[in-house]
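J.: Quick one: sequence and predicted model below, then my questions.
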Amino acid sequence: MMLAALALLLLPACATAAGLLVWGLYRHETLDDGALLRHFLIFLVASIAAAWGIGRTEAVQFRLHPELRIQAEIDAHPVYSTLKRLAPDDATSLLQTLVAQTATGVSVPEAFLRARPLLTAMTTTRSAWVDQETRLMWGRHVTNSLKELQTQHPELCYRALSGQNLDAQKFSQVFSPGNTREFQQAVVRVYESAGLGMRYNGHPGDVRADYNEAAAEYQVIKDEIEQRFGAAVAANFSNKTFPEVPAAPPDQVCAARIYQLGAMMKRPKAMAARLVDSALR
């Protein structure tokens with residue numbers, strides 16, 4: 001509607017501008033009709049060309065087409081640009097979520113906040129191919145995020161660690177700005193490292209921990225959880241299943257997960273990375 005109205009007004013506006021220019025420049029001269037017409041046509045063409053050029057500028061296009069501005073903001077975001085470069089399918093899924101959110105009237109930054117559950121799931125999957133240092137970084141970030149959730153919303157903390165569907169709007173409002181920045185930086189780093197791991201079939205500098213030794217360490221930590229938080233809580237960590245209705249208070253299960261990840265990351269790097277990977281995936 002706006003574009004149609006502007007198109008209808010363009011020619012009269014340019015003609016008016018051309019007429020005013022001719023009058024202003026030649027009002028004190030005596031020109032025949034042919035000369036006036038030539039000058040008018042020259043200014044008319046120049047006005048149309050100028051209007052067309054102004055209309056093609058980014059600022060005007062963003063004003064006329066809000067979807068272009070939104071897409072430009074999304075394209076410029078480091079998380080989306082990284083996914084688009086390294087994981088096009090994931091970028092497509094993220095874009096669909098972002099577009100659906102912005103269609104409701106929220107800003108692009110808010111849409112990225114609401115896309116956090118999706119990004120968390122995709123990043124966790126990608127973490128299978130990252131180097132050990134990046135895996136531990138992701139583990140530390142998950143731990144910090146659970147601590148924030150536990151303080152404010154223990155039930156939401158439990159839903160997050162159990163992989164249940166989350167209310168995107170509510171979930172986006174509980175994290176501090178610092179945590180949000182850390183999360184987005186962590187996503188970029190995981191995708192960058194995973195891209196290298198896929199390309200070179202692993203990370204040459206990493207030394208993989210022995211499976212049996214890792215299993216033994218996992219059991220040690222599980223026993224510690226049982227001693228600290230009780231058998232009902234520890235049972236969740238035996239088979240890594242967390243029922244929709246928790247068998248123990250949500251804050252206790254959340255605290256146990258925080259303890260578990262912290263204990264794992266105290267092990268030597270190779271062992272810690274393997275344990276964290278097992279716990280989070």
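T.: Received it, and whenever you're ready, just let me know what you need.
J.: got a list of what the residue sitting nearest the centre point of the chain touches?
T.: Centroid-nearest residue in the chain, with C-alpha atoms, centre = their mean: residue 112, separated by 4.4 Å. By C-beta atoms under 8 Å, 6 or more residues apart in numbering, the contact list for residue 112 reads 77, 79, 98, 184. In this view, the C-beta of every residue, glycine as well, is placed from N, C-alpha and C.
J.: Now do it against residue 77, distance only.
T.: Plainly put, residue 112 is 6 Å away from residue 77 if you go by C-beta to C-beta, to the nearest Å.
J.: next one: residue 89
T.: Using C-beta to C-beta, residue 89 is found at 18 Å from residue 77.
J.: more neighbours, those two?
T.: Applying other C-beta atoms under 10 Å to residue 89 and residue 77 shows that residue 77 carries more neighbours, namely 18 against 9.
J.: Listing request: residues of this protein with sub-threshold pLDDT.
T.: Scanning the chain with the threshold set as pLDDT under 70 gives 1-11, 13-15, 17-67, 169.
J.: picking up where we left off before, can you give me the buried ones in the host helix or strand of the residue nearest to the centre of the chain?
T.: Assessed by DSSP states H and E, residue 112 sits inside helix 108-114. Across helix 108-114, burial judged by 16 or more other C-beta atoms under 10 Å covers 108, 110-114.
J.: Export the residues you listed as CSV, with columns for distance to residue 220.
T.: Below are those laid out as CSV (distance: C-beta to C-beta, whole Å):
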residue, distance to residue 220
108, 46
110, 43
111, 43
112, 39
113, 38
114, 39
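J.: Quick check: of the residues you listed, which lies closest to residue 199?
T.: Set against residue 199, the nearest of the buried residues of helix 108-114 by C-beta to C-beta is residue 112 (26.9 Å).
J.: so where do the helices sit in the stretch 51-200 of the chain?
T.: Secondary structure of the stretch 51-200 of the chain (DSSP state H, counting those that start in this stretch): helices at 58-64, 66-76, 78-86, 88-102, 108-114, 116-126, 132-152, 154-162, 168-172, 177-199.
J.: for the longest one, packing partners?
T.: For helix 177-199, the helices and strands in contact under the criterion 3 or more C-beta pairs under 8 Å, 6 or more residues apart in numbering; DSSP states H and E are helix 78-86, helix 116-126, helix 132-152.
J.: residues making contact with the longest one?
T.: Outside helix 132-152, the residues within contact range by C-beta under 8 Å, 6+ apart are 123-124, 127, 130, 156-157, 160-161, 174-176, 179, 182-183, 186, 189-190, 193, 203, 206, 251, 254-255, 257-258, 261-262, 264-265, 269-270, 272-273, 276-277, 279-280.
J.: Determine the angle, from 0 to 180 degrees, between it and helix 177-199.
T.: Angle between the axes of helix 132-152 and helix 177-199 is 150 degrees (criterion: axes from the mean of the first three to the mean of the last three C-alpha atoms, to 10 degrees).
J.: that older thread, do you know which of the helices of the stretch 51-200 of the chain lies nearest residue 234?
T.: Between the helices of the stretch 51-200 of the chain, helix 154-162 lies closest to residue 234; by C-beta to C-beta that is 14.5 Å.
J.: Tell me how far that closest one lies from the chain's centre.
T.: Relative to its chain's centre, helix 154-162 lies at 21 Å (C-alpha atoms, centre = their mean, to the nearest Å).
J.: pull the CA atoms of stretch 219-228 into PDB?
T.: The C-alpha trace of stretch 219-228 is given here as PDB (Å, rounded to 0.1, in the frame of the first residue of the first chain):
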ATOM      1  CA  GLN A 219      30.700 -44.000  38.900                       C
ATOM      2  CA  VAL A 220      32.800 -42.300  41.600                       C
ATOM      3  CA  ILE A 221      31.100 -39.000  40.900                       C
ATOM      4  CA  LYS A 222      27.700 -40.700  40.900                       C
ATOM      5  CA  ASP A 223      28.400 -42.200  44.300                       C
ATOM      6  CA  GLU A 224      29.400 -38.800  45.600                       C
ATOM      7  CA  ILE A 225      26.100 -37.400  44.300                       C
ATOM      8  CA  GLU A 226      24.200 -40.200  46.100                       C
ATOM      9  CA  GLN A 227      26.000 -39.400  49.300                       C
ATOM     10  CA  ARG A 228      25.300 -35.700  49.100                       C
END
